[in-house]
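Peer 1: sequence plus the predicted model coming up.
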Amino acid sequence: MNDLSNISSLRLGITAGGQLAKMLVLSASNWDIKTYVMDADPHCPASHNCTKFFKGSHTSYDDVYRFGQEVDMITYEIESINVEALKKLKSEGKIILPDPEVLEIIQDKGLQKLFFKEHQIPTADFKLFKDKSEIIMAIQKDELRVPFVQKVRQGGYDGRGVIVVDDPTKLSKLMDAPSVVEEKIRIKKEIAVIAARNTLGEVNHFPAVEMEFNPEANLVEKLICPADIPPDISTKAGKLADKLISAWNMTGLLAIEMFLDENDGLWINEVAPRPHNSGHHTIESNVTSQFEQLLRAILGLPLGSMELKKPAIMLNLLGEPGYEGIAKYLGLHETLQIAGVKVHLYGKKFTKPFRKMGHITILGNSRQDAIDKANQVKNHIKIIS
């Protein structure tokens with residue numbers, strides 16, 4: 001879209017309506033963009049902030065297609081959308097960004113890996129298997145050796161659909177589904193970079209962040225920005241991110257999770273064509289947030305500065321183990337007494353173990369200052385029922 005003189009009448013469709021959609025809606029409201037959200041849950045986080053809510057499933061062809069008739073443009077906050085409906089809408093002239101053909105590849109971790117290989121993007125060695133029995137047979141033939149990582153090709157999310165097989169006793173836990181089985185990298189750190197590319201072909205990326213995972217739930221618990229990596233590694237990670245989003249000729253955001261191995265080698269792990277948990281801190285810590293940057297990209301506007309204003313920590317607020325029911329937030333008073341703390345609650349009424357209920361960004365005068373404040377926050381905040 002080059003003519004933005006009627007931006008206030010633009011109907012932006014977002015599929016689906018979780019916390020990413022909510023934060024995108026809030027960013028779009030700064031430019032008076034009308035946001036239409038479709039989700040199966042009428043009480044989803046974005047439902048109370050958007051201009052208009054539509055009840056429907058993002059996996060349903062009919063629901064996605066009907067939703068597309070109501071809007072001028074579609075973007076998304078989740079990968080598992082009915083891509084055939086998106087392709088049909090595109091063929092009829094609807095603007096879908098990122099492109100459905102890119103989404104179709106990213107929905108399948110096997111196709112992702114093949115794309116990386118074709119474009120000489122560094123990634124762990126891998127093999128594709130149809131089911132559990134094929135994996136067992138490959139082990140018996142000595143064509144596959146422990147340790148390795150199994151990932152289901154479709155549907156995995158937030159640590160689900162991934163199994164680390166580091167000794168033969170874990171073979172009984174193999175998932176019986178089409179899978180990618182890849183070499184287990186000896187990891188020193190896990191980092192992430194979010195790249196942006198607009199309709200004009202302009203490309204840039206946010207500074208790399210360092211990720212720490214909850215060992216029980218296998219999802220991100222804390223992000224640190226800037227990442228504690230040498231400048232040359234940071235530069236290399238940024239160039240990899242720019243190369244990958246350009247290889248896809250993609251418009252929008254591409255979140256790229258990477259492994260830094262013990263020899264300082266970088267390996268692409270997985271990607272997501274949307275705003276991402278690894279970019280939440282940008283709302284407060286960067287000149288342009290990831291959500292505003294997505295809007296700039298898909299509307300054909302110049303990309304905003306991605307400069308880091310202050311070091312930041314992002315803590316995911318996860319439901320406490322052992323609690324399931326109406327959410328109660330303990331320690332908010334004490335948390336908000338700490339300078340530089342910004343609390344985001346997603347509006348999910350019910351908590352359960354390890355459910356993402358919100359996040360907190362902690363700004364510091366230095367990286368260590370932000371880390372120290374984050375440790376205080378962790379001692380205060382709890383989500384129970």
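Peer 2: Cool, got the structure.

Peer 1: tell me what the nearest residue to G238 once chain neighbours are set aside is bridged to.
Peer 2: Leaving out its chain neighbours, the residue that sits closest to G238 by Cβ to Cβ, 6 or more residues apart in numbering is H205, at 4.8 Å. For the C-beta atoms, the positions are set from N, CA and C on the backbone; glycine is no exception. Note on H205: beta-bridge partners by DSSP bridges are A195.

Peer 1: what's the burial count for H205?
Peer 2: H205 has 22 neighbours, counted by other Cβ atoms under 10 Å.

Peer 1: what does D176 give?
Peer 2: Residues within reach of D176, counting by other Cβ under 10 Å, total 11.

Peer 1: for E334, which non-adjacent residue is closest in space?
Peer 2: H380 (4.3 Å).

Peer 1: how near is that neighbour to I338?
Peer 2: Between H380 and I338 the computed distance is 8 Å (Cβ to Cβ, to the nearest Å).

Peer 1: likewise for F213?
Peer 2: Taken as Cβ to Cβ, the span from F213 to I338 is 24 Å.

Peer 1: assumed I185 was part of a strand.
Peer 2: No - counting by DSSP: H, G, I helix; E, B strand; the rest coil, I185 is located in no strand; its state is coil.

Peer 1: okay, it: pLDDT?
Peer 2: Looking at I185, its pLDDT is 90.

Peer 1: contacts only, for the one residue sitting closest to the centre of the chain.
Peer 2: In the chain, the centroid-proximal residue (Cα atoms, centre = their mean) is H276; its distance is 2.9 Å. Going by Cβ atoms under 8 Å, 6 or more residues apart in numbering, H276 touches 20, 192, 194, 253, 255, 290.

Peer 1: any chance of these in TSV, with secondary structure, pLDDT and neighbour count too?
Peer 2: Compiled in TSV, the contacts of H276 are given as follows (DSSP: H, G, I helix; E, B strand; the rest coil; pLDDT from 0 to 100; neighbours: other Cβ atoms under 10 Å):
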residue	secondary structure	pLDDT	neighbour count
L20	helix	97	26
A192	strand	97	27
I194	strand	98	27
L253	strand	98	26
A255	strand	97	21
Q290	helix	98	26
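
Peer 1: nearest to I78, of these?
Peer 2: L20 (7.7 Å; Cβ to Cβ).

Peer 1: surely the closest one meets E77?
Peer 2: Yes - using Cβ atoms under 8 Å, L20 is in contact with E77, at 3.7 Å.

Peer 1: hey, what's in contact with both of these two?
Peer 2: With Cβ under 8 Å, 6+ apart as the test, L20 and E77 both reach 274-275.

Peer 1: helices along the stretch 201-350 of the chain, start to end?
Peer 2: For the stretch 201-350 of the chain, applying DSSP state H, counting those that start in this stretch gives helices covering 231-247, 282-285, 290-298, 332-336.

Peer 1: what average pLDDT does the second one get?
Peer 2: Translated: helix 282-285. For helix 282-285, the per-residue pLDDT averages 98.

Peer 1: distance from it to the middle of the chain?
Peer 2: Centroid separation for helix 282-285 versus its chain: 16 Å, with Cα atoms, centre = their mean, to the nearest Å.

Peer 1: over to the third one?
Peer 2: Once both centres are worked out by Cα atoms, centre = their mean, helix 290-298 turns out to sit 14 Å from its chain's centre.

Peer 1: in stretch 129-143, which residues are buried?
Peer 2: Within stretch 129-143, the residues that count as buried by 16 or more other Cβ atoms under 10 Å are 129, 132, 134-135, 138-139.
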